[in-house]
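> pasted the sequence and its predicted model underneath.
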Amino acid sequence: MSIKIYKMNIKPVLFKVILCVSFPIGTFLFTSCGPGTTIDPVDIEVTDDITSATTFTNRNSGVDYIVKGEVSIKNMLTIEPGTEIQFDNCASLLIEDGGGLNATGTASKPIIFTGKEKTKGFWKGIYYIGSNTVNNKLVYCTVEYGGCDDYLYHEANVVVGSNDYGAGRLTMSNTTIRNGLKDGLYISKGSYLDDISNCVITGNDYPVRMEVERSAFLKANTDYSGNDNDFVWVQGWCFGGTPMSVNLHWNKLNVPYTLKCELISAAEFSVENGTTVVMQEEAQIHGETGADFDFTGITFEGKEHTPGYWLGFYMEGGSIELNNCMIADAGHAGFWNDNFGSIYLLGSFGTPSLSATGCTIKNSYQHGIATDKLSFINADAGTVNTFQNIGMVQTGQNVFEF
């Protein structure tokens, strides 16, 4: 037991100094004072890892807890509705294997995770690294002002998994993620976002950044707008990779998707009608044997409207169906041969096939469609599609067979 002196607020006297007795219980320090006194709410500082089942309670005192440093959660932490947790500079919660974080608030009593200073990037964030429990929940929560530099994990208000240190799992609903210095939400390879419903992700750099094989989790009933860059960032493979065997479907959101590097698939890939996909420089959609791509009413365009800004569609196998799509600014690929095409079919390794109807292919580096004699395309592809500004850099044809 230890003795602490607190400054008290006792009416009608403005301030009075009294003795309070403090005693430790588990990780936290509780304080008892003399009878007939009222004290200003005392924030509970959280500095030690949580190794036993713990509940953070709503003490109706404004700020209930202050997290200092990186606090690892190695058992179940439950947070009561209405609780507010503040974070010191670059502090964080790290939910590890064996641990879980169930933060379930209500509409009238949301749970708040915020910085001591209301500055973007003041604290790091909530990291689910190695925790695979379905009890990881953010329901009626606000997570704000995270994104402090972190050399180990991705920088975001909420991080679900790490490509290097372990996958994570999370369910989110009726939650706001806002005012982060970097991304609002990050999802790594192997991680699961079991649900995201009725959330708002705003005021960040990008709303969401996710690895390509985990890019099918997002739903249209969440608002992803109001960020510095209103795109959902999909991170592909920048130095080659194994083709995905998982099926993907991208729902139409209220912001476009943007693809960085290469999406390689040997499985199904579809995108909801009306979606725009903005391609980063030299991005590519690559199909191998087993691929089944189906796109209707989709706009695929470069981040910059420069001929050949992105590589285009490259099919070594499988099939691709394009109906009423727009394909713009594509067709330049460093490792392809000289027959650059916004859509390029090469049958040396498989028997790729293309069905394209009612599409507009424009601003191509060279050809609109380039195909070898081992591949298959619909015979009327040159007449049932519209070709504009073909061969803007190298002389090209609407449909070129080599």
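Good, I have the coordinates. Residues are numbered from 1 along each chain as shown.
> Glu213: what secondary structure?
Assigned state for Glu213: helix (three-state reduction, DSSP: H, G, I helix; E, B strand; the rest coil).
> who does the strand or helix carrying His286 pair up with?
Under the criterion DSSP states H and E, the helix or strand holding His286 is strand 284-287. Strand 284-287 has these partner strands in its sheet, going by DSSP bridges: strand 262-265 (parallel), strand 312-315 (parallel).
> ranking the ones you listed by burial, who's on top?
With neighbours defined by mean count of other C-beta atoms under 10 Å, none of the strands paired with strand 284-287 is more surrounded on average than strand 312-315, at a mean of 26. For the C-beta atoms, the positions are set from N, CA and C on the backbone; glycine is no exception.
> quick one: contacts of it?
Here strand 312-315 makes contact (C-beta atoms under 8 Å, 6 or more residues apart in numbering) with 284-287, 291, 293, 320, 327, 330-333, 336, 340-346, 352-354, 375.
> restricted to buried residues, select those in ChimeraX.
When burial is assessed using 16 or more other C-beta atoms under 10 Å, the buried subset of the contacts of strand 312-315 is captured in ChimeraX by this command:
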select :284,285,286,287,291,293,320,327,330,331,332,333,336,340,341,342,343,344,345,346,352,353,354,375
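> so of the contacts of strand 312-315, which ones are in strands?
For the contacts of strand 312-315, membership in strands holds for 284-287, 293, 320, 327, 341-345, 353-354, with DSSP state E as the criterion.
> make TSV from the residues you listed and add pLDDT and distance to Ala103 to it.
Supplementary listing: the ones in strands among the contacts of strand 312-315 in TSV, determined by pLDDT from 0 to 100; distance: C-beta to C-beta, whole Å:
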residue	pLDDT	distance to Ala103
Gln284	94	39
Ile285	96	37
His286	95	39
Gly287	96	41
Phe293	98	39
Ile320	98	43
Ile327	98	43
Gly341	92	50
Ser342	96	46
Ile343	96	47
Tyr344	94	48
Leu345	95	50
Ser353	97	49
Leu354	98	48
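> re the thing from before, tell me which of the strands paired with strand 284-287 lies nearest to Ser108.
Ser108 lies closest, by C-beta to C-beta, to one member of the strands paired with strand 284-287: strand 262-265, at 42.9 Å.
> centre of the chain to that closest one, how far?
Offset of strand 262-265 from its chain centre (C-alpha atoms, centre = their mean, to the nearest Å): 18 Å.
> and for the closest residue to Glu155 other than its chain neighbours, the neighbour number?
In space, Glu155 comes closest to Lys182 once its chain neighbours are excluded; the distance is 4.0 Å by C-beta to C-beta, 6 or more residues apart in numbering. Summarising burial for Lys182: neighbours were counted as other C-beta atoms under 10 Å, giving 22.
> hang on, isn't Lys182 packed against Asn204?
Yes: counting by C-beta atoms under 8 Å, Lys182 does reach Asn204; the two are 7.0 Å apart.
> okay, now the unreliable bits of the stretch 101-250 of the chain?
Flagging of the stretch 101-250 of the chain using pLDDT under 70 yields the residue ranges 151.
> so where do the strands sit in it?
With strands called from DSSP state E, counting those that start in this stretch, the stretch 101-250 of the chain shows them at 111-115, 125-128, 137-139, 141-144, 156-160, 169-173, 176-178, 183-187, 192-197, 200-202, 208-211, 232-235, 248-250.
> export those to TSV and tack on distance to Ser72?
Putting the strands of the stretch 101-250 of the chain into TSV (distance: least, C-beta to C-beta, whole Å) gives the following:
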stretch	distance to Ser72
strand 111-115	16
strand 125-128	9
strand 137-139	18
strand 141-144	18
strand 156-160	14
strand 169-173	17
strand 176-178	22
strand 183-187	19
strand 192-197	21
strand 200-202	26
strand 208-211	24
strand 232-235	26
strand 248-250	33
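> any chance of the ones you listed in a markdown table, with mean neighbour count and distance to Thr275 too?
Putting the strands of the stretch 101-250 of the chain into a markdown table (neighbours: other C-beta atoms under 10 Å; distance: least, C-beta to C-beta, whole Å) gives the following:
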| stretch | mean neighbour count | distance to Thr275 |
| --- | --- | --- |
| strand 111-115 | 23 | 31 |
| strand 125-128 | 30 | 28 |
| strand 137-139 | 24 | 26 |
| strand 141-144 | 24 | 27 |
| strand 156-160 | 29 | 23 |
| strand 169-173 | 22 | 22 |
| strand 176-178 | 24 | 22 |
| strand 183-187 | 30 | 19 |
| strand 192-197 | 17 | 17 |
| strand 200-202 | 22 | 18 |
| strand 208-211 | 24 | 15 |
| strand 232-235 | 23 | 10 |
| strand 248-250 | 16 | 6 |
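> right, so of those strands, which gets closest to Ile79?
Closest approach to Ile79 among those is made by strand 111-115 (5.4 Å; C-beta to C-beta).
> which ones are touching Asp228?
Shown here is Asp228, whose contacts under the criterion C-beta under 8 Å, 6+ apart are Asn204, Asp205, Tyr206.
> what touches both of Lys182 and Asn204?
By C-beta under 8 Å, 6+ apart, the residues touching both Lys182 and Asn204 are Gly147, Ala156.
> does Ile85 touch Lys116 like I think?
No: between Ile85 and Lys116 there is no contact under C-beta under 8 Å: 10.5 Å.
> overlap in contacts, the two.
Common neighbours of Ile85 and Lys116 (C-beta under 8 Å, 6+ apart) are Ile66.
> more crowded one of the two?
Ile85 (23 against 18).
> so the more buried one: helix, strand or coil?
Classified using three-state DSSP, Ile85 is strand.
> residues contacting it?
Counting by C-beta under 8 Å, 6+ apart, Ile85 touches Phe56, Val63, Asp64, Tyr65, Ile66, Val67, Ile79, Ile111, Ile112, Phe113, Thr114.
> before we move on, what's the pLDDT of it?
pLDDT, the model's per-residue confidence, is 98 for Ile85.
> what stretches of the stretch 251-400 of the chain score poorly on pLDDT?
Along the stretch 251-400 of the chain, the parts satisfying pLDDT under 70 run over 333-339.
> how far out from the middle of the chain is stretch 161-169?
Its chain's C-alpha centre lies 13 Å from the corresponding centre of stretch 161-169 when counted by C-alpha atoms, centre = their mean.
> how about stretch 285-296?
Centre-to-centre, stretch 285-296 and its host chain are 23 Å apart (C-alpha atoms, centre = their mean).
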